[in-house]
Each structure stands twice: as C-alpha cells, then as structure tokens.
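have a look at this fold, sequence not included:
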Ligand SMILES: [Zn+2]
Ligand SMILES: [Zn+2]
C-alpha cells in the first residue's frame with residue numbers, strides 16, 4: 001500500500017497562485033470534496049484543466065489548494 005506524504009504529514013507542498021502569486025493554502029484531499037459535492041463538480045473538466053488525463057488511474061493523491069487572496073483553485077497530484 002502506498003502512502004501520500006502530504007496526507008501523512010511528512011511534508012507540505014508550497015505552491016504559488018498562478019493568478020496573483022500569493023502562496024496557496026492546502027485545503028485537503030480532493031476526494032473529500034467529491035464525497036461532499038460530487039453532484040456539483042465535473043471531474044472530466046478538472047482533468048482537462050490540469051492536463052492530467054490519467055489522474056485517477058495512477059497512484060496519485062489529489063490535493064486541493066486554494067488561494068486566500070483571489071480564491072483560485074489548483075489541484076496538485078501528490079505521487080504516493
Ligand atoms: Zn494525500
Ligand atoms: Zn490568487
């Protein structure tokens with residue numbers, strides 16, 4: 001069984017907002033959001049936007065990052 005280092009607190013990813021350059025905040029696993037909001041989110045659209053056509057077939061843990069300044073969302077796929 002593979003482990004996602006971000007889920008397990010081994011390290012944090014720091015990424016900058018593509019819109020405004022502010023540091024983005026880790027908002028949790030994307031799967032947690034799908035559990036709650038799956039009727040409202042289009043998984044195919046998100047895959048296209050981020051350019052990861054094989055996102056959900058590999059051992060990658062999708063994390064949602066949000067910019068506190070402009071509310072821009074980015075999904076980062078952590079390799080497990
Ligand atoms: Zn994770
Ligand atoms: Zn921003």
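That came through, no problem. In this text, all values refer to a predicted model and were calculated from it rather than measured experimentally. Ligands and ions are numbered 1, 2, ... in the order given.

contacts, neighbours, all on C-alpha from now
Noted.

what about the closest residue to residue 11 other than its chain neighbours, which SS state?
Nearest non-adjacent residue to residue 11, counting by CA to CA, 6 or more residues apart in numbering: residue 5, 6.1 Å away. Secondary structure assignment for residue 5 (DSSP: H, G, I helix; E, B strand; the rest coil): coil.

wait, residue 5 sits on residue 13?
No: applying CA atoms under 8 Å, one finds residue 5 not in contact with residue 13, separated by 9.8 Å.

nearest to ligand 1: which residue in this protein?
The nearest approach of the chain to ligand 1 comes at residue 7, 4.0 Å away (CA to the ion).

in contact with that residue, which residues?
Going by CA atoms under 8 Å, 6 or more residues apart in numbering, residue 7 touches residue 29.

how far away is it from residue 28?
Look at residue 7 and residue 28: by CA to CA, to the nearest Å, they are 8 Å apart.

same deal with residue 11?
Residue 11 sits 14 Å away from residue 28, going by CA to CA.

more neighbours, those two?
Set side by side, residue 11 and residue 28 show more neighbours around residue 28, with 15 against 10, by other CA atoms under 10 Å.

next up, the contacts around that one.
Contacts for residue 28 (CA under 8 Å, 6+ apart) come out as 63, 64, 65.

could you rerun that using 6 Å?
Contacts here follow CA atoms under 6 Å, 6 or more residues apart in numbering; on that basis residue 28 touches 63, 64.

name the helix or strand for it, please.
For residue 28, the element it lies in under DSSP states H and E is strand 25-29.

show me which residues of this structure sit near ligand 1.
Contacts of the chain with ligand 1, taken as CA under 5 Å from the ion, map to 4, 7, 61.

quick one: pLDDT of residue 61?
For residue 61, the pLDDT comes out at 88.

quick check: it is in a strand.
Yes: applying three-state DSSP, one finds residue 61 inside a strand.
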